[in-house]
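**Q** Provided below for reference: sequence and predicted model.
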Amino acid sequence: MADGKQTRPPRGALIVIAVGLVATVFASLASTDKPLGAATLEWVEKSPLPDSRVASVPGGGQMQLTEAGIRATEANVSDYTLYRVAAVLTIDAGSAVGHGRLLCTARTPIGTEIAKTPKSRAAYPRSSEELIKQGAPKTSLVDFSSHSAELASVDMADVFGDRYTDVRGIVVEWAPYRANRQTWQLGLPAGKPKAPLRLPFVSIWRTQATPTASMACTVETAAGPATVRTAGSLPG
């Protein structure tokens, strides 16, 4: 210390430190899909939906809806509950579904609203020209007021792996929006699947009533259609 004056770090060093701190903050934000201020909500209620009957695919093969269920959060201060409808469609290996068209639809009662993410509907998978290239989310961030936050993060990891399918050539498109309905339109690749084809579907809804939903999938080929369906609700 000279002449009673404290020495300070050079201005250039302060700039380097500030830039490093900003970079650290941005790296931290980029490492998570959950923004600051979003509430993490737990699924506190759940109810399995019955497996569908096994349907015969025209031309050979079978398909079925399984692993279906409803999971719901606690109600918020406005008495709205957030709930998730999930199901997996399995098409047996060797089924005659090549170049088929697949429609899968989740339906909910009047008065129920599909939840919204910051950019779109809370429905998975998204529209995609190649489903195999679409990464499956571990969580979903939706617009939902809870715990003094306007965004809520809910778990999805129990439904999906790292991606929706290992089969190439599947394309997905959402049907136009309709109240109380979410429809996925899939185009299936040529040929018969060499292994069972598993396709998971999830939609997230909000309601002030008992969480209720149905799920149906129809495959259409030149040989004809086949449909499987399931439905149910949480205990009232």
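**A** On my side now, so go ahead. Numbering: from 1, shown residues only.
**Q** Show me the beta-bridge partners of the most centrally placed residue in the chain.
**A** Among the residues of the chain, Tyr124 comes closest to the average C-alpha position under Cα atoms, centre = their mean, at 3.5 Å. Each beta-bridge partner of Tyr124 is listed here: Val202, as defined by DSSP bridges.
**Q** distance of it from Pro48?
**A** Here Tyr124 is placed at a distance of 19 Å from Pro48 (Cβ to Cβ, to the nearest Å). C-beta coordinates here come from the backbone N, C-alpha and C atoms, glycine included.
**Q** Could you do Ala86 as well?
**A** Distance, Ala86 to Pro48, using Cβ to Cβ: 10 Å.
**Q** isn't Asp92 right next to Ala55, touching?
**A** No. Asp92 is not in contact with Ala55 according to Cβ atoms under 8 Å; the separation is 10.5 Å.
**Q** between Ala86 and Pro48, who's got more neighbours?
**A** Between Ala86 and Pro48, counted using other Cβ atoms under 10 Å, Ala86 has the larger neighbour count: 23 against 12.
**Q** Just list the residues touching that one, thanks.
**A** For Ala86, the residues meeting the contact criterion (Cβ atoms under 8 Å, 6 or more residues apart in numbering) are Glu67, Ala68, Gly69, Arg71, Val159, Pro200, Phe201, Val202.
**Q** tell me the mean pLDDT over the helix or strand encompassing it?
**A** Mapping Ala86 onto the secondary structure by DSSP states H and E places it in strand 81-91. With pLDDT averaged residue by residue, strand 81-91 scores 98.
**Q** Ala96 - that's part of a strand, no?
**A** No. Assignment of Ala96 by DSSP: H, G, I helix; E, B strand; the rest coil gives coil, placing it outside any strand.
**Q** lowest-pLDDT helix or strand in this structure?
**A** The weakest-scoring helix or strand in the chain, judged by mean pLDDT, DSSP states H and E, is helix 11-30 (a mean of 40).
**Q** Where does pLDDT dip in the chain?
**A** By pLDDT under 70, the weakly predicted segments of the chain are 1-36.
**Q** and the residue lying closest to Gly37 once chain neighbours are set aside, bridged to which residues?
**A** Leaving aside its chain neighbours, Gly37 sits nearest to Ala149 (5.4 Å; criterion: Cβ to Cβ, 6 or more residues apart in numbering). In this structure, Ala149 bridges to Ser146 when assessed by DSSP bridges.
**Q** Ala149 and Thr40 touch, don't they?
**A** No. In this structure, Ala149 sits apart from Thr40 without contact. The criterion is Cβ under 8 Å, and the distance is 9.4 Å.
**Q** Those two: which has the busier surroundings?
**A** Neighbours of Ala149 and Thr40, each counted by other Cβ under 10 Å, are more numerous for Ala149; the result is 16 against 13.
**Q** now that one: how far from Val77?
**A** Taking Cβ to Cβ, one finds Ala149 at 12 Å from Val77.
**Q** can you list residues touching both of Ala86 and Pro48?
**A** Residues within reach of Ala86 and of Pro48 at once, by Cβ under 8 Å, 6+ apart, are Ala68, Gly69.
**Q** Partner strands of the strand holding Ala86, with direction?
**A** Using DSSP bridges, the strands paired with strand 81-91 are strand 62-72 (antiparallel), strand 197-207 (antiparallel).
**Q** and that strand, how far out from the chain's middle?
**A** Distance, stretch centre to chain centre, for strand 81-91: 9 Å (Cα atoms, centre = their mean, to the nearest Å).
**Q** Okay, buried residues for that strand please.
**A** Thr81, Leu82, Tyr83, Arg84, Val85, Ala86, Ala87, Val88, Leu89, Thr90, Ile91 (16 or more other Cβ atoms under 10 Å).
**Q** Lovely, talk soon.
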